[in-house]
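> Pasting a predicted model and its sequence here:
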Amino acid sequence: MKTIAYIRVSDDKKQDSATQRHAIANYAKINNLNVTEWREFHLSGSKTKTSDRGIDKLLCDIKNGDQVLVSDVARLGRDNIHQVLNTITSITTKGASLHFCYSSTTITPDDTNDIAKVFIAIGEAYAAVKFSEERSLKAQAACKRRNETGLTNGRQVGAVIKSKLDDQAVFILNELDKGTSKMEILRQLETRGVKVARSRLYSFIADKLKIVK
């Protein structure tokens, strides 16, 4: 049985595959999966055929019991939902499981005929992509405002630029939406390899996620 990591970045947007690779590797480690094969493609998902993006070959190569890991559902295609659904069902009907690493959701062969579960998984995966895009746009807007007002965007002495909870933001939001307690979220974060103080999580939720509960 194989565990295949599929990465696609758009040359048009000059994206870096390191972010996807890190997310997949981290997810695999947490879930005790050993990636046996990495497949990486640098081209647009909306302007190319599935054969150009390696999707067709992926579907030919996978077998029963295999695992397919992607950072998010948009890697399979962004503009054609029918094509995305066809890819997902093709993977699961061959007996392989599909993992969306950003949202920590999985579609297994047993889910193939469970329409509700499949669409919920896809919805969570797309929500993770949307959240990431919105966070990036907000950061760019904030940077622009600071430049326009003459403020520096450089690092100040003692400033904390990045929190180790940043990469867990989508997971934390999903758990809060489910009604999971903050103490339970702390416990689950620790199983994901992220250990922080309770006060650190509370301030992250309030200050960065802008949620007061």
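Sure thing, it's come through. Since we're looking at a predicted model, the values are computed, not measured.
> ok, residue 96 to residue 201 distance?
35 Å (Cβ to Cβ, to the nearest Å). Bear in mind the C-beta positions are built from the backbone N, C-alpha and C, glycine included.
> Run through the strands of this protein in chain order.
Here the chain has its strands, by DSSP state E, at 3-9, 37-42, 67-70, 97-100, 105-107.
> so which of these gets nearest residue 57?
Closest approach to residue 57 among the strands of the chain (Cβ to Cβ): strand 37-42, 8.3 Å.
> partner strands of that closest one, parallel or antiparallel?
strand 3-9 (parallel) (DSSP bridges).
> Apart from its chain neighbours, what residue comes closest to residue 94?
residue 62 (5.5 Å; Cβ to Cβ, 6 or more residues apart in numbering).
> What is the neighbour count of that neighbour?
Applying other Cβ atoms under 10 Å, we find 21 other residues in the vicinity of residue 62.
> can you tell me which residues contact it?
2, 4, 68, 91, 94, 96 (Cβ atoms under 8 Å, 6 or more residues apart in numbering).
> try residue 111
92, 117-118, 121.
> among the residues you listed, which are in helices?
Counting by DSSP state H, the part of the contacts of residue 111 found in helices is 92, 117-118, 121.
> Let's have the residues you listed in a markdown table, adding distance to residue 31.
Shown next, in a markdown table, are these (distance: Cβ to Cβ, whole Å):
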| residue | distance to residue 31 |
| --- | --- |
| 92 | 18 |
| 117 | 18 |
| 118 | 20 |
| 121 | 15 |
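> Narrow those residues to just the buried residues.
92, 118, 121 (16 or more other Cβ atoms under 10 Å).
> lowest-pLDDT helix or strand in the chain?
helix 115-148 (a mean of 65; mean pLDDT, DSSP states H and E).
> List the contacts of the closest residue in space to residue 193 that isn't next to it in sequence.
Nearest non-adjacent residue to residue 193, counting by Cβ to Cβ, 6+ apart: residue 30, 6.1 Å away. Contacts for residue 30 (Cβ under 8 Å, 6+ apart) come out as 191-193.
> Out of those residues, which comes closest to residue 77?
Distances from residue 77 to those, taken as Cβ to Cβ, are shortest for residue 192 (27.8 Å).
> Please look at the closest one and residue 171 and confirm they touch.
Yes - between residue 192 and residue 171 there is a contact under Cβ atoms under 8 Å: 7.3 Å.
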